[in-house]
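Enquirer: 3D model of this:
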Amino acid sequence: NKPATDGGKPANPFAKPDPNLVVALTSLPPLQDAPPKHFLLLNKFPVVDGHTLVVTKEFAPQSDPLDALDLGVAWATASALDGLAFYNCGSLSGSSQPHKHLQVVPAQAGLPVDLLVVKHGAGQQPFRFPEFPFQHACVKLEPNAADNEAWSLKLHRYATLVAVAVVIVARPPCLAKHLAVGSV
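Expert: Reported below is the predicted structural model:
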């Protein structure tokens with residue numbers, strides 16, 4: 001199958017998603033009065049049951065770093081699904097769509113990565129899976145109270161992860177942008 005096109009360009013499947021796959025529009029508690037900036041979408045080609053996407057409503061490049069709102073909505077979704085969230089930052093990291101989105105898979109899916117997290121992910125420091133043949137970095141964001149102190153800690157862990165990932169992957173474009181805006 002060839003991807004759908006829009007005037008010779010590949011169509012953006014997130015611009016007008018299938019309404020049957022849209023789960024919710026979402027905002028975080030501090031922004032509940034603001035219009036939602038993300039929507040949750042069931043993955044049309046799921047790896048496991050419950051495979052959900054966190055997609056920006058407005059187009060943003062997949063090569064852009066995550067901001068606090070992206071991270072917050074992904075964390076809230078992963079917490080609600082008792083799952084794992086991950087971000088493929090551009091085509092070099094496996095993303096097939098140029099529109100910014102994160103992926104969340106429920107833990108009950110029995111993914112082998114669950115065992116790896118238990119094996120390598122103890123503590124609060126960023127870690128890697130030596131079993132994976134590609135460059136990556138991981139950090140655990142424990143589910144706890146959504147107060148400002150807990151949220152600041154999550155953002156700090158994400159910033160630490162980005163700093164570690166820069167060392168690991170030799171500054172891919174999304175991390176170089178992240179460092180350029182002084183987020184680390």
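Enquirer: Show me the strands in the protein, by range?
Expert: 5-6, 9-10, 22-26, 38-42, 52-56, 83-86, 101-106 (DSSP state E).
Enquirer: by how many degrees do the fifth one and strand 101-106 diverge?
Expert: Okay, so that is strand 52-56. Here strand 52-56 runs at an angle of 160 degrees relative to strand 101-106 (axes from the mean of the first three to the mean of the last three C-alpha atoms, to 10 degrees).
Enquirer: Parallel or antiparallel, list what pairs with strand 52-56.
Expert: According to DSSP bridges, strand 52-56 forms sheet pairs with strand 38-42 (antiparallel), strand 101-106 (antiparallel).
Enquirer: Mind listing what's buried along the last one?
Expert: When burial is assessed from 16 or more other C-beta atoms under 10 Å, strand 101-106 yields the following buried residues: 101-106. Any C-beta I mention is one placed from the backbone N, CA and C, and that applies to glycine too.
Enquirer: thought His38 was touching Asp70?
Expert: Yes - His38 is within contact range of Asp70, at 7.4 Å (criterion: C-beta atoms under 8 Å).
Enquirer: number of nearby residues for Ala85?
Expert: Other residues lying near Ala85 total 22 when counted by other C-beta atoms under 10 Å.
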